[in-house]
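# For reference, the sequence and a predicted model appear below.
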Amino acid sequence: MILFVIITESSLHEPMYYFLSMLSFTDLGLCLSTLVTVLGIFWFNVREISFDACIGQMFFIHGFTFMESSVLLVMAFDRFIAIWNPLSHVLHHSYCFHPDVMKLSCSDTKVNSAFGLATVISTAGLDSVLILLSYVLIIHAVLCIASKEERKKAFGT
């Protein structure tokens with residue numbers, strides 16, 4: 001119900017309600033993760049669970065528990081920052097964009113700008129090089145296949 005109200009009521013589209021939506025989502029996920037097992041026990045007296053279902057259920061329970069804990073931590077940190085150092089500046093994006101935050105600085109930002117640019121270039125550059133390398137290795141591996149039909153099938157894949 002909380003998710004429905006927050007989604008449908010446009011006046012609630014604010015960060016505090018986004019946090020509440022995330023908490024509601026994680027609580028819903030935790031409930032749904034155990035619902036099948038609980039219903040099986042109470043309705044059909046099924047006291048066994050397959051190993052794969054158990055592992056899957058544990059994955060979702062731990063995942064949603066981690067998400068809920070993380071949201072609570074972020075909410076606490078957000079409140080701390082809002083009280084300690086309130087943000088009275090307007091951002092040009094829907095998130096804290098690096099150049100916007102640098103504009104708040106009262107000092108020289110040349111080093112920070114250079115570091116940010118180097119980070120973006122090295123990340124995008126490294127990713128591009130590694131993607132290209134992986135495709136070169138794939139093509140090399142496919143060309144090493146003896147049969148023409150198997151090569152055609154591998155290239156199709």
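Perfect, thanks for sending it.
# And I145, its phi and psi?
I145 has phi and psi values of phi -70, psi 130 when expressed as degrees, to the nearest 10.
# Am I right that it is in contact with R151?
Yes: counting by C-beta atoms under 8 Å, I145 does reach R151; the two are 4.9 Å apart. (Glycine included, C-beta is placed from N, CA and C.)
# Now for the protein, the helix or strand with the poorest mean pLDDT.
The weakest-scoring helix or strand in the chain, judged by mean pLDDT, DSSP states H and E, is helix 98-103 (a mean of 73).
# Extract the CA atoms of it and return them as PDB.
Provided in PDB are the C-alpha atoms of helix 98-103 (Å, rounded to 0.1, in the frame of the first residue of the first chain):
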ATOM      1  CA  HIS A  98      31.100  15.800 -10.200                       C
ATOM      2  CA  PRO A  99      31.400  19.200 -11.900                       C
ATOM      3  CA  ASP A 100      28.500  20.600  -9.900                       C
ATOM      4  CA  VAL A 101      30.200  19.500  -6.600                       C
ATOM      5  CA  MET A 102      33.500  21.000  -7.800                       C
ATOM      6  CA  LYS A 103      31.800  24.300  -8.300                       C
END
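# just checking, what packs against that helix?
Packed against helix 98-103 by the contact rule (3 or more C-beta pairs under 8 Å, 6 or more residues apart in numbering; DSSP states H and E) you find helix 110-143.
# just how off-centre is the helix it packs on within its chain?
Offset of helix 110-143 from its chain centre (C-alpha atoms, centre = their mean, to the nearest Å): 22 Å.
# I'd like the next helix or strand past it.
Going down the chain from helix 110-143, the next helix or strand is helix 148-156, by DSSP states H and E.
# and the angle from that next one to helix 110-143?
Interaxial angle, helix 148-156 versus helix 110-143 (axes from the mean of the first three to the mean of the last three C-alpha atoms, to 10 degrees): 160 degrees.
# mind checking how far helix 148-156 is from the chain centre?
For helix 148-156 - counting by C-alpha atoms, centre = their mean - the centre lies 36 Å from the chain centre.
# and if you look at stretch 45-58?
27 Å.
# Over to stretch 135-145?
On C-alpha atoms, centre = their mean, the centre of stretch 135-145 falls 33 Å from the chain's centre.
# Give me the residue at the spatial middle of the chain.
Closest residue to the average C-alpha location of the chain: M67 at 9.9 Å, with C-alpha atoms, centre = their mean.
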